[in-house]
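J.: Fold the following.
(chains A and B)
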2 protein chains.
Amino acid sequence: MTDKNKIARYKAIAEPFHVDFTGRLTMGVLGNHILNSAGFHANDRGFGIANLNHANYTWVLSRLAVELDEMPHQYEEFTIDTWVENVYRLFTDRNFSISNSEGKKIGYARSVWAMINLETRKPADLFVLHGDSISEYVCDEPCPIEKPSRIKVTNQECIGKYVAKYSDIDVNGHFNSIRYIEHILDLFPIEIYKEKRIRRFEMAYVAESYYGDELSFYRDEVNSDEYQIEIRKENGEVVCRSKLIFETKNKFN
Amino acid sequence: MTDKNKIARYKAIAEPFHVDFTGRLTMGVLGNHILNSAGFHANDRGFGIANLNHANYTWVLSRLAVELDEMPHQYEEFTIDTWVENVYRLFTDRNFSISNSEGKKIGYARSVWAMINLETRKPADLFVLHGDSISEYVCDEPCPIEKPSRIKVTNQECIGKYVAKYSDIDVNGHFNSIRYIEHILDLFPIEIYKEKRIRRFEMAYVAESYYGDELSFYRDEVNSDEYQIEIRKENGEVVCRSKLIFETKNKFN
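T.: All right, here's what the predicted structure looks like:
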């Protein structure tokens, strides 16, 4: 199998209700398309959730990092390419590139996934499952952005609380991975999005949260363009961490 | 032009992050697909927002009513057909049918739109604009659900407040029409969605709201399966009204 065949292509359009007030796709919606491309690729290749559920296994997203020169604008068609970079015993790295309507690469993303047994909730050995067929898809396509970093939030002042509602809950009964992104973006006043855009966004998914959970948000301002966020449950358990790096917009983005 | 040519077809798939905990597409996401199909149809035919913005006009959604026998389930491909039912001087009625992956009609929707001048915010005469080309698309395809009804909420007890955030705001600087649907669904405890599904959902968009607006939610329980909702701004101005009719699920839906 050539490397070209190992890369899946997913096309999308920046729909009107999926862009923000600046007319650019929101990070949450881009995240959704990225995770969809991963899911469709894995399903097509026989190691996706649809197949795995029968065998009582599911993929769990551990890390996501997205870095962009520009966001697709309203009505723009864009393309996501995705491929498997590495397979370890308990994790796999899956990368992405995002191209604009002219085929120019406008960004990249990295993700880290584990596979768990739905009954025991324990991670599975990826080399054993499916006769190691996933390793055949490892591909050395370049992904010139940094790996997900270690995020540590020290500030103990809660800057917001949110109780998980019906619309936040996914088919597994967990708080939807994309919804966390939206709630994190909403911690910032709209003014910041007028002058700046998000150059890099990271999520580290640590523990599941559920309907009715009261989530508390904590934030460190590393500098005026870099923030680290932590979401905790009432009992103090960390649900996820995030890093946002803003940059001042220019006339092109 | 035959009636068949007047109907636009739009295909979609119920993506994993767009289904709720029951594995069915959420009403907000279905609403998004419905409005997309309207926009793409109008754009393709030369009377859409993309064209109109150049002429300083835009379509404004006034009413939406959706009625369904069942919601598409996760990974199901479904189809939305849309056509113009009537054109009046200041309004146009656009209808929709929703078909499941087997081509069976599983629901219908009705919508009412006005066109406004972006500078004056006043409605435009649809018979005059674009040389009345829109009337050529009027089509008598059946839409066997009731027209949007008159919604009136009398309860003065506020059951929830929400301050409009970054993610709620669309490219026009207004609270996103789809986001209202999600916030309305979130007024109900998740338990109701375990036993019941929404058979009919209506929205009446009355006035725009903006970033930072504090929205208050009021609700009349007409009976155990029918609710009417009103969203008001701090000054009491009504933003929108909604009606939900639930029905107890059976093994098919």
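J.: Could I get the full set of helices for chain A?
T.: Per DSSP state H, chain A carries helices over the ranges A:3-6, A:27-44, A:49-54, A:177-185, A:190-195.
J.: Of the ones you listed, which shows the lowest average pLDDT?
T.: Set side by side, these differ in mean pLDDT, and helix A:49-54 is lowest with a mean of 58.
J.: my read: A:Ile151 touches A:Tyr227, true?
T.: No. The criterion here is C-beta atoms under 8 Å, and A:Ile151 misses it with A:Tyr227 at 10.3 Å. (C-beta placed from N, C-alpha, C; glycine too.)
J.: Tell me the residues that contact both of those two, please.
T.: A:Lys243 (C-beta atoms under 8 Å, 6 or more residues apart in numbering or on different chains).
J.: related to what we said a few turns ago, would JSON lines of the helices of chain A with distance to chain B be doable?
T.: What follows is the helices of chain A, written out as JSON lines (distance: least, C-beta to the nearest C-beta, whole Å):
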{"stretch": "helix A:3-6", "distance to chain B": "22"}
{"stretch": "helix A:27-44", "distance to chain B": "5"}
{"stretch": "helix A:49-54", "distance to chain B": "7"}
{"stretch": "helix A:177-185", "distance to chain B": "5"}
{"stretch": "helix A:190-195", "distance to chain B": "5"}
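J.: Would you mark the buried spots in stretch A:75-88?
T.: A:75-76, A:78-85, A:87 (16 or more other C-beta atoms under 10 Å in any protein chain shown).
J.: among these, which are in reach of chain B?
T.: A:Tyr75 (C-beta under 8 Å from any C-beta of the partner chain).
J.: from the buried residues of stretch A:75-88, which is closest to B:Cys158?
T.: Of all the buried residues of stretch A:75-88, B:Cys158 sits closest to A:Tyr75, with 38.2 Å by C-beta to C-beta.
J.: you'd agree that closest one is up against A:Ala14?
T.: Yes. Using C-beta under 8 Å, A:Tyr75 makes contact with A:Ala14 at a distance of 6.3 Å.
J.: what sits up against stretch A:216-231?
T.: For stretch A:216-231, contacts defined as C-beta under 8 Å, 6+ apart pick out A:151-162, A:180, A:183-184, A:187-188, A:196, A:209, A:215, A:232-234, A:238-247.
J.: Can you tell me which of these are classed as buried?
T.: Applying a neighbour-count criterion of 16+ other C-beta under 10 Å, the buried members of the contacts of stretch A:216-231 are A:151, A:153, A:162, A:180, A:183-184, A:187-188, A:196, A:209, A:215, A:232-233, A:239-246.
J.: Mind checking which of these are in strands?
T.: Within those, residues falling in strands by DSSP state E are A:162, A:196, A:215, A:232, A:239-246.
J.: Would you reformat these as a markdown table and include distance to B:Ser101 and pLDDT?
T.: As requested, these are exported to a markdown table (distance: C-beta to C-beta, whole Å; pLDDT from 0 to 100):
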| residue | distance to B:Ser101 | pLDDT |
| --- | --- | --- |
| A:Tyr162 | 35 | 98 |
| A:Lys196 | 43 | 97 |
| A:Leu215 | 36 | 98 |
| A:Arg232 | 41 | 98 |
| A:Val239 | 35 | 98 |
| A:Cys240 | 34 | 98 |
| A:Arg241 | 39 | 98 |
| A:Ser242 | 36 | 98 |
| A:Lys243 | 40 | 98 |
| A:Leu244 | 39 | 98 |
| A:Ile245 | 42 | 98 |
| A:Phe246 | 42 | 98 |
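J.: In TSV: these, plus distance to chain B.
T.: Shown next, in TSV, are those (distance: C-beta to the nearest C-beta, whole Å):
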residue	distance to chain B
A:Tyr162	11
A:Lys196	12
A:Leu215	14
A:Arg232	20
A:Val239	17
A:Cys240	15
A:Arg241	19
A:Ser242	14
A:Lys243	18
A:Leu244	12
A:Ile245	17
A:Phe246	13
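J.: Please report how far the residue nearest in space to the middle of chain A lies from B:Tyr180.
T.: Nearest to the geometric centre of chain A sits A:Leu64, at 4.0 Å (C-alpha atoms, centre = their mean). Separation of A:Leu64 from B:Tyr180 (C-beta to C-beta, to the nearest Å) stands at 28 Å.
J.: Outline the domain layout of chain A.
T.: Domain segmentation of chain A under automatic domain parsing yields A:1-148, A:149-253.
J.: which one of these has the lowest average pLDDT?
T.: Minimum mean pLDDT among the domains of chain A: domain A:1-148, a mean of 90.
J.: Please compute how far it lies from its chain's middle.
T.: The chain centroid and the centroid of domain A:1-148 are separated by 8 Å under C-alpha atoms, centre = their mean, to the nearest Å.
J.: picking that back up, among the buried residues of stretch A:75-88, which one sits closest to chain B?
T.: Proximity of the buried residues of stretch A:75-88 to chain B (C-beta to the nearest C-beta) peaks at A:Tyr75, which lies at 6.5 Å.
J.: List the contacts of the residue nearest to the centre of chain A.
T.: Applying C-beta under 8 Å, 6+ apart to A:Leu64 gives the contacts A:31, A:34-35, A:109-112, A:148, A:202-203, A:205.
J.: could those residues go into JSON lines alongside distance to B:Leu118?
T.: Putting the contacts of A:Leu64 into JSON lines (distance: C-beta to C-beta, whole Å) gives the following:
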{"residue": "A:Gly31", "distance to B:Leu118": "32"}
{"residue": "A:Ile34", "distance to B:Leu118": "34"}
{"residue": "A:Leu35", "distance to B:Leu118": "36"}
{"residue": "A:Ala109", "distance to B:Leu118": "36"}
{"residue": "A:Arg110", "distance to B:Leu118": "41"}
{"residue": "A:Ser111", "distance to B:Leu118": "41"}
{"residue": "A:Val112", "distance to B:Leu118": "45"}
{"residue": "A:Pro148", "distance to B:Leu118": "43"}
{"residue": "A:Glu202", "distance to B:Leu118": "38"}
{"residue": "A:Met203", "distance to B:Leu118": "37"}
{"residue": "A:Tyr205", "distance to B:Leu118": "42"}
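J.: what comes up buried for stretch A:159-179?
T.: Buried-residue list, stretch A:159-179, by 16+ other C-beta under 10 Å: A:162, A:164-171, A:174-179.
J.: Cool, thanks, talk later.
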